[in-house]
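Peer 1: Sequence first, then the predicted structure:
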Amino acid sequence: MMIGETVRTAWRSLLANRMRTALTALGMIIGVGAVVAVLAIGEGARASVEGRIRSMGSNLLVIRPARSTSGAVRSGRAQTLVESDATAIKQIPGIAAVAAESEGGAQIRYRENNTSSSVTGVTPSYFAIRSLTISSGLGFTDEDGRERRRVAILGANVAETLFAGRSPLGERIQIRGIVFRVVGVLDAKGAGMSSPDDLVLVPLGTHQGVLFGGDYLSSISVQMQDESQAATVQSRIGQLLRLRHRLRDDAEDDFEVRSQTEMLETMSTITGTFTALLGSVAAVSLLVGGIGIMNIMLVSVRERTREIGVRMAVGARRIDVLLQFLVEAVVVSLFGGILGIAAGYGGAIAIAKVGGWQTIVPPYAVALSLGVSVGIGIVFGVGPARSASKLDPVEALRQE
Amino acid sequence: MTPGLATMARVLGIPHPAVEAGSADPVVIENLEKVYDAEHEDIAVRAVAGISFSVKSGESVAIIGPSGCGKSTLLHILGCLDRPTKGTYRLGGRNVAELDDDELARLRNQHIGFVFQSFNLLPRMSAVENVELPLLYAGTKRAREKAFAALERVGLADRATHMPNELSGGQKQRVAIARAIVTGPSIILCDEPTGALDSKTGREVLALLGRLHADGATLLMVTHDLKVARSLQRALHMKDGLIVADGPSAIVVDAFARTADEEEGAPTS
Ligand SMILES: Nc1ncnc2c1ncn2[C@@H]1O[C@H](COP(=O)(O)OP(=O)(O)OP(=O)(O)O)[C@@H](O)[C@H]1O
Ligand SMILES: [Mg+2]
């Protein structure tokens, strides 16, 4: 029998049991929908992290203190970088700009409004290197840092939280109980991990001298003149810092220099792992959907034993019967799969709307879902279909 | 046993399995046996207990006998729906025992038309789709057209698109007959084709089968209706899985009617 005819026959017998078919397909709809939605979340996270890293500016190298390990236990980052390291690095040829940063979390208050935020001490070059623009007000000057002026620039979200739409410029806020004057607000960059929208920026000198104390930096950002020099510049920085930190030849680096590409790789590994994890949880529901299909096919074979007998009596071969039921299983699961993709799309949009996460349904998720649907139909349909094809014609006809 | 009948058949020059079994005949059966539950001695049933006969091309043969004597079992084996336990069955010269499942399916499709007492139409398919089914399995071109032609032969062209539940019993059986003949089989096997019909529609169906036979079809029919059996050329009388008489239907059926009268309880209609 032609495959077109077989598909038609399958579709008709599925239509004959609409409710049952719909419920069976529902298992697949939920499974495929969940997988598609999870992949969309993963892809969205990847894209937003990537966008964030890219938006940090091009030709960027970031230097951080090395993760110190004592035994097998990670114990945070050592305090090894200081501002004079940044100044020294600036002398290396091929470097366009250097920014020193120091991070710390703090309570921010404006009148009765409270928020906790990451407060970063930065040098004036920070804004250009990280491609941050100030929507209103001014940036910092070198004097601000040198004189430890109590001025702050707010990320867009922080400004919104504290000032609810009013202009914060010139207003006084408290950071760790110390009064600061708001001199600027950053342009919004959009949601994402460690978005500058959630930052409060203060001059580096103020950060170290007034807010948190200590000379240490959390990172140094370096902008190269040309990305092609990355390797050379990276190794020059390494040599320089080893020298400055008086490391012996056999000592490990107490810092790490990472390029944007490396950061992208790390982040995509993380989001990839996270997606795979959630995806495999979602895939369990696909398994359940497949079992539902198998169950219904077993019932169907039993109910239609006589039909099978009749078909055999008029010349159906075993392979014809097998294909008939297999195609039926595949049609249900593919039907469910296609609706599941639609449901996944819908779910992704809903998650983006409600949860505020970026979601992108990657094209491969659609192809994958279709393939998996067909696969599930085959895997879970082949057992019942084989048992149908193994029936003895005369026994099958005897069934009431 | 009624050995007299076999003798009579021989005297009258009518083919009898013991006398001759032409290998060119479409159906040749030798020492055929079917034992159900053969592996358990105590409950084993010899439904067909060793029979031989052959059917000539274009012949019409009635199979009669009391309930449970093995008529259906024999017909199922002839229809390649069941395999014999012992003995040989040649259909169109081929030993069926040597064929695999696919080849048997092909025989059922191409060489055998089976008509059931209970019609066995597929309920979700229209009349013409039911008739088309064997052609689809055969991969025949212009199947729909040929299915229409077969329906026309059974006088149901105007009911082609009706579903089985929209047809009367007689019409259903005619659709089933159209399905049986649509591939042009060499034998048509009917297991009590009028058993589920009232006498009027039964007569219509029999008239149709009679026309098909007149057109050259080879017909084997299990029936309880002795009038019907008499109307065919030849009759096989079965008892306890054996053929006890084989000859011209008039003679065999009359003899069967007499024994049935004597024994009582067996069908007499
Ligand atoms: N699947 C089976 N398993 C065991 N015994 C069976 C089976 N099918 C039939 N039989 C037995 O085989 C014998 C012959 O059955 P069969 O159906 O051939 O009779 P029949 O001549 O067609 O009877 P009827 O006129 O009532 O239809 C009976 O004794 C029946 O009980
Ligand atoms: Mg019977």
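Peer 2: Perfect, I can see it now. Given the structure is predicted, the values throughout are model-derived calculations rather than measurements. Ligands and ions are numbered 1, 2, ... in the order given.
Peer 1: Show me which residues of chain A are close to chain B?
Peer 2: Chain A comes close to chain B at residues A:1-2, A:5, A:12-13, A:16, A:306-307, A:309-320, A:392-394, A:397, as judged by CB under 8 Å from any CB of the partner chain. Placement of C-beta: from N, CA and C, glycine included.
Peer 1: make it 7 Å
Peer 2: Counting by CB under 7 Å from any CB of the partner chain, chain A comes close to chain B at A:1, A:5, A:12-13, A:16, A:307, A:310, A:312-318, A:320, A:393-394, A:397.
Peer 1: Just give me the neighbour total for residue A:34.
Peer 2: Using other CB atoms under 10 Å in any protein chain shown, residue A:34 has 23 other residues around it.
Peer 1: Within the helices and strands, which one has it?
Peer 2: helix A:18-55 (DSSP states H and E).
Peer 1: what angle do the very next helix or strand once past that helix and helix A:18-55 make?
Peer 2: Following helix A:18-55 in sequence order, the next helix or strand is strand A:60-65 (DSSP H and E). Here the directions of strand A:60-65 and helix A:18-55 differ by 90 degrees (axes from the mean of the first three to the mean of the last three CA atoms, to 10 degrees).
Peer 1: still on that earlier bit, how far does the helix holding residue A:34 sit from the chain's center?
Peer 2: 13 Å (CA atoms, centre = their mean, to the nearest Å).
Peer 1: swap in stretch B:41-52?
Peer 2: 20 Å.
Peer 1: wait, what's in contact with residue A:359?
Peer 2: Taking CB atoms under 7 Å, 6 or more residues apart in numbering or on different chains as the criterion, residue A:359 is in contact with A:40, A:41, A:44, A:348, A:351, A:352.
Peer 1: how many neighbours does the third one have?
Peer 2: When you say that, I think you mean residue A:44. 22.
Peer 1: Pull the contacting residues for it.
Peer 2: A:357, A:358, A:359, A:360.
Peer 1: Tell me the one among the residues you listed nearest to chain B.
Peer 2: Nearest to chain B among the contacts of residue A:44, counting by CB to the nearest CB, is residue A:359 at 42.6 Å.
Peer 1: does the closest one sit in a helix, a strand or a coil?
Peer 2: Taking DSSP: H, G, I helix; E, B strand; the rest coil as the rule, one finds residue A:359 in the coil state.
Peer 1: Identify each buried residue in stretch B:75-93, please.
Peer 2: B:75-82, B:84-85, B:87, B:89-92 (16 or more other CB atoms under 10 Å in any protein chain shown).
Peer 1: Correction: the previous question concerned stretch A:241-252.
Peer 2: A:241, A:242, A:244.
Peer 1: swap in stretch A:109-126?
Peer 2: Buried residues in stretch A:109-126, defined by neighbour count with 16+ other CB under 10 Å: A:109-110, A:115, A:117-126.
Peer 1: Return the residues in contact with residue 140.
Peer 2: Looking at chain A here, since you left the chain open. With CB under 7 Å, 6+ apart, residue A:140 has these contacts: A:124, A:151, A:203.
Peer 1: Hmm, no, I was thinking of chain B.
Peer 2: Counting by CB under 7 Å, 6+ apart, residue B:140 makes contact with residue B:146.
Peer 1: any idea how far it lies from residue B:133?
Peer 2: Note on residue B:140: its distance to residue B:133, by CB to CB, to the nearest Å, is 11 Å.
Peer 1: Around chain A, which positions in the stretch 51-200 of chain B sit nearby?
Peer 2: Counting by CB under 7 Å from any CB, the stretch 51-200 of chain B sits next to chain A at B:76, B:81-82, B:101-102, B:105-106, B:108-109, B:114, B:120, B:122, B:124, B:133-134, B:136-138, B:179.
Peer 1: Now, of these, which are buried?
Peer 2: The buried subset of those - by 16+ other CB under 10 Å - is B:76, B:81-82, B:101, B:105-106, B:108-109, B:114, B:120, B:122, B:124, B:133-134, B:136-138, B:179.
Peer 1: do you know how far the residue lying closest to residue A:229 once chain neighbours are set aside is from residue A:86?
Peer 2: Nearest non-adjacent residue to residue A:229, counting by CB to CB, 6 or more residues apart in numbering or on different chains: residue A:94, 4.5 Å away. Per CB to CB, residue A:94 is found 16 Å from residue A:86.
Peer 1: who's more crowded, those two?
Peer 2: Counted by other CB under 10 Å, residue A:94 and residue A:86 do not tie: residue A:86 has more neighbours, with 22 against 15.
Peer 1: Check that one and give its pLDDT.
Peer 2: Per-residue pLDDT puts residue A:86 at 88.
Peer 1: re the thing from before, filter the buried ones among the residues of the stretch 51-200 of chain B next to chain A by proximity to ligand 1?
Peer 2: When CB under 6 Å from any ligand atom is applied, no member of those is adjacent to ligand 1.
Peer 1: List the ones among those that fall in helices.
Peer 2: Among these, DSSP state H puts B:76, B:101, B:105, B:106, B:108, B:109, B:133, B:134, B:136, B:137, B:138, B:179 in helices.
Peer 1: Spell out the residue ranges of the helices in chain B.
Peer 2: Under DSSP H, chain B gives helices at B:3-11, B:71-78, B:101-110, B:127-138, B:143-153, B:169-181, B:199-214, B:226-231, B:249-263.
Peer 1: can you check the stretch 101-250 of chain A too?
Peer 2: A:125-129, A:142-146, A:156-163, A:204-206, A:230-244 (DSSP state H, counting those that start in this stretch).
Peer 1: Please identify the most buried of the ones you listed.
Peer 2: The highest mean neighbour count among the helices of the stretch 101-250 of chain A, using mean count of other CB atoms under 10 Å in any protein chain shown, belongs to helix A:204-206: a mean of 24.
Peer 1: distance of residue A:184 from chain B?
Peer 2: Going from residue A:184 to chain B by CB to the nearest CB, to the nearest Å gives 75 Å.
Peer 1: Now do that residue against residue A:34, distance only.
Peer 2: In terms of CB to CB, residue A:184 sits 44 Å off from residue A:34.
Peer 1: How about the residues of chain B by ligand 1?
Peer 2: B:36, B:37, B:45, B:47, B:67, B:68, B:69, B:70, B:71, B:72, B:73.
Peer 1: Which of those residues fall in strands?
Peer 2: B:36, B:45, B:47 (DSSP state E).
Peer 1: Next one, pLDDT for the closest residue to chain A within the stretch 1-150 of chain B please.
Peer 2: Ranked by CB to the nearest CB, the top residue of the stretch 1-150 of chain B for proximity to chain A is residue B:109, at 2.4 Å. At residue B:109, the model reports a pLDDT of 96.
Peer 1: what does residue B:196 give?
Peer 2: According to the prediction, residue B:196 has pLDDT 89.
Peer 1: What's the local residue count around it?
Peer 2: 16.
Peer 1: cool, residue A:168 as well?
Peer 2: 23.
Peer 1: what's the closest non-adjacent residue to it?
Peer 2: Using CB to CB, 6+ apart, the closest residue to residue A:168 is residue A:182 (4.3 Å).
Peer 1: Equivalent analysis for residue A:365, please.
Peer 2: Leaving aside its sequence neighbours, residue A:365 sits nearest to residue A:39 (CB to CB, 6+ apart; 4.2 Å).
Peer 1: Give me the distance between that neighbour and ligand 1.
Peer 2: Between residue A:39 and ligand 1 the computed distance is 54 Å (CB to the nearest ligand atom, to the nearest Å).
Peer 1: What residues does that residue make contact with?
Peer 2: By CB under 7 Å, 6+ apart, the contact list for residue A:39 reads A:275, A:279, A:362, A:365.
Peer 1: got it, and residue B:209?
Peer 2: B:177, B:190, B:193, B:219.
Peer 1: Just the pLDDT for residue B:13.
Peer 2: With respect to pLDDT, residue B:13 has a value of 46.
Peer 1: try residue B:187
Peer 2: 95.
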